[in-house]
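Asks: build me a model from this:
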Amino acid sequence: MAVDKFPIEYSHIMMFARSVGDTNNIYYDGDYAASTEPGAVIAPPTFVQASAQFDPDYFLRPKIGAEWFGSGKGPTGITPKPKTDAEKSGEKKESTGGGLHAEQHYVYHRHPKVGDVLTATNKPGKTWEKQGRRGGNLVFNESITEYRDQNGELVVTATGVGVRTERPATSA
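Replies: Numbers count the residues shown, from 1 in each chain. Presented below is the predicted three-dimensional model:
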């Protein structure tokens, strides 16, 4: 996800730390944080994922008047689109495999802290395949997001790995 402006505020850090159950005072207490190596309140690990809330196109973000993931009675809340004639006839290859988020890695070049205004830029990563046991080939795809501060300094590099099967896995 690309985000033009992700301001890091004290309350954002505090609420994120609470939401993940982290009680370390470095996320809550400015006086305590000043006595630590970073010297200030810093953001907890994985905090940069909260930048999604600043992306107006983030697919999990509710949009007034539109269906969104989780808004309905079905598993996703999104009404399935009817198949096109090409999809029905098999002319258009349909992605029938299941996908999931397999891994997430973070490299911290420094601690994100209160007052930073981050921008996020997506970069392509590697793609590779492995033979699966039940669902055909497994296709892995990296997504790399670089978070830079208001001075252009690289703060965090996040690498996500997704995996998709060629066809749905069958039950054993």
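Asks: now the strands for the chain?
Replies: 3-7, 99-108, 117-131, 137-148, 154-165 (DSSP state E).
Asks: give me the distance between the residue nearest the centre of the chain and residue 26.
Replies: Closest to where the C-alpha atoms of the chain average out (Cα atoms, centre = their mean) is residue 49, at 5.4 Å. Separation of residue 49 from residue 26 (Cβ to Cβ, to the nearest Å): 19 Å. Bear in mind the C-beta positions are built from the backbone N, C-alpha and C, glycine included.
Asks: what does residue 99 give?
Replies: Here the criterion is Cβ to Cβ. By it, residue 99 lies 36 Å from residue 26.
Asks: higher neighbour count, these two?
Replies: Comparing residue 99 with residue 26 by other Cβ atoms under 10 Å, the one with more neighbours is residue 26, at 22 against 12.
Asks: local confidence estimate at the more buried one?
Replies: In this model, residue 26 is scored at 96, pLDDT.
Asks: report pLDDT for residue 51.
Replies: 89.
Asks: residue 45 too?
Replies: Note on residue 45: pLDDT of 92.
Asks: now do the same contact list for it.
Replies: By Cβ atoms under 8 Å, 6 or more residues apart in numbering, residue 45 lies in contact with residue 106.
Asks: phi, psi for it please.
Replies: Backbone torsions of residue 45, given as degrees, to the nearest 10, read phi -50, psi 150.
Asks: that older thread, ignoring the adjacent residues along the chain, who's closest to the residue nearest to the centre of the chain?
Replies: In this structure, residue 49 finds its nearest non-sequential neighbour in residue 158, 7.5 Å apart by Cβ to Cβ, 6 or more residues apart in numbering.
Asks: for the helix of greatest length in the chain, buried residues please.
Replies: Under DSSP state H, the helix in the chain containing the largest number of residues is helix 10-19. For helix 10-19, the neighbour count (16 or more other Cβ atoms under 10 Å) marks 12-13, 16-17 as buried.
Asks: including distance to residue 60, could the strands of the chain go into CSV?
Replies: Below are the strands of the chain laid out as CSV (distance: least, Cβ to Cβ, whole Å):
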stretch, distance to residue 60
strand 3-7, 14
strand 99-108, 12
strand 117-131, 16
strand 137-148, 15
strand 154-165, 14
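Asks: residue 25 and residue 111, how far apart?
Replies: Residue 25 is 15 Å from residue 111, by Cβ to Cβ.
Asks: actually residue 46, not the one I typed
Replies: To residue 111, residue 46 is 13 Å away according to Cβ to Cβ.
Asks: the two: who's more crowded?
Replies: residue 111 (19 against 13).
Asks: what's near enough to touch that one?
Replies: Counting by Cβ under 8 Å, 6+ apart, residue 111 touches 38, 42-43.
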